[in-house]
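Enquirer: Next one to model:
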Amino acid sequence: MSSGFNAELTLGPALVGVALASGLFGCSIVQTYGYYRRFPLDPMVLKALVSVRCYTMLLTFAHIVCVVYWTWIMTVTSFGKPDEITISTSSRSANLVITPFICYLVQRFFAFRLFRFSGSWLLAGICSVLGGISFVGALVDAARVINWQSLGTNMDALYWLTTLTLVSGATCDLIITAGLTFHLRKQRALTKISRCSS
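Expert: This is a model prediction of the structure:
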């Protein structure tokens, strides 16, 4: 093996990521199955939201297949040949296209939940716009990475669209998290007050 190869920095994180992603995917499947089994009489709107989650899980399954295949190439196919380990594979390219769809669907789901708790069209609209910017930017960046050979060596990490994509996605996530935390705590406080007065 070449002296510059460090398996702890390349193969280790890939294996840990595959194990964690697979475990969390299994938890998500169990939760969805449990929901449909325990709450068959829920309103159709709620069932429709959960069915969107099912489509997200299908995309997540495709994501896991791509990551497992990529890890297989790095750990088995390229075993003993560290010079052949590369991040640019067909499964990795497919993963770059799948991931923005997963993120966008999840952000839309939680933005809708935030709207249901807060009743604020403004918050939901801001999250939708930020999530849309992140989605489109991630797809454009994925296309740039997939076609990196035709672009030459001009793949600087400080590309303005990449920065905008990351900032808008993170801002959307922060607004959703802060909004849901605030409204769930408020609802919890109201529940405690009504229990005490009963």
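Enquirer: how about the helices in the protein?
Expert: Assigned by DSSP state H, the chain shows helices spanning 7-38, 44-72, 90-118, 121-146, 148-151, 160-197.
Enquirer: Could you tell me the least trusted of those helices?
Expert: If you rank the helices of the chain by mean pLDDT, helix 148-151 sits at the bottom with a mean of 58.
Enquirer: Closest to the centroid, which residue in the protein?
Expert: When C-alpha atoms, centre = their mean is applied to the chain, the residue found nearest the centroid is C103 (4.0 Å).
Enquirer: correct me, but that residue touches F135?
Expert: Yes - checked against C-beta atoms under 8 Å, the pair C103 and F135 is within contact range at 7.0 Å. For every residue, glycine as well, the C-beta is placed using N, CA and C.
Enquirer: quick one, what contacts A19?
Expert: Not one residue lies near A19 by C-beta atoms under 8 Å, 6 or more residues apart in numbering.
Enquirer: Quick check: phi and psi on F79?
Expert: phi -60, psi 130 (degrees, to the nearest 10).
Enquirer: I'd like to know how far it sits from N6.
Expert: Separation of F79 from N6 (C-beta to C-beta, to the nearest Å) stands at 16 Å.
Enquirer: same question, W72
Expert: 20 Å.
Enquirer: So those two - more neighbours on which side?
Expert: Neighbour count, other C-beta atoms under 10 Å: between W72 and N6, W72 has more, with 14 against 11.
Enquirer: State the distance from that one to V65.
Expert: In terms of C-beta to C-beta, W72 sits 10 Å off from V65.
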